[in-house]
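Asker: Let's see this in three dimensions:
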Amino acid sequence: MTDRRPLSVDLVLVPVDASDESTEAVTYATAIADEYDAGVHVVHVLGEDVVEAIEEGRVDDEAVAADGEAIMESAESIAAEQGVELSTSVAYGFSTKMKLRHPGSVVLDTAEELSADFLVVPREPLSGDPGEVLAKAAEYVLLYASQPVLSV
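Answerer: Model prediction:
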């Protein structure tokens, strides 16, 4: 019997923010990538408060950089444990100039740009914590993605 899979996966995309759910999503994404011998791309989606502060020039660059580094180091550690190749990027989840830019559209645009084959999105409770920007993105991604999506 041959190993025939109904799905071909070369790249798994996982959007992250500062939430615990994002860490769990990276764990799932690397497990899927390991199963399909694929890579993982982690996109850190910046929240509205951070984007606004950046655009207005009132951001604490060191704090934003430290948060981003911590998030990416966690993802790199998880990927290394699985032996999965990892790439990363950062994206503005909101814009004060473009009304149609929000976390869900950022995830789908990134998936298209990278030709991602599979998406893993954290499904987060609406706690209101400043670093959690993906709470509403999962539903949007589930509705409009052309790729298979796992919501965790």
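
Asker: which residues of the chain score low on pLDDT?
Answerer: 1-5, 51, 53-55, 95-100, 124-133, 135 (pLDDT under 70).

Asker: got the phi/psi numbers for L11?
Answerer: phi -140, psi 130 (degrees, to the nearest 10).

Asker: Kindly provide the distance from the closest residue to it other than its chain neighbours to A29.
Answerer: Nearest residue to L11 in three dimensions, chain neighbours excluded: A116, at 4.9 Å (Cβ to Cβ, 6 or more residues apart in numbering). For every residue, glycine as well, the C-beta is placed using N, CA and C. A116 is 10 Å from A29, where distance means Cβ to Cβ, to the nearest Å.

Asker: what do those two both touch?
Answerer: Counting by Cβ atoms under 8 Å, 6 or more residues apart in numbering, the residues touching both A116 and A29 are V12, L13.

Asker: neighbour-wise, which of these two wins?
Answerer: With neighbours defined as other Cβ atoms under 10 Å, A116 and A29 compare such that A29 has more, 31 against 26.

Asker: Next up, the contacts around the more buried one.
Answerer: V12, L13, V14, V40, V42, V120.

Asker: so the last one bridges to which residues?
Answerer: Legend: beta-bridge partners of V120 under DSSP bridges are L150.
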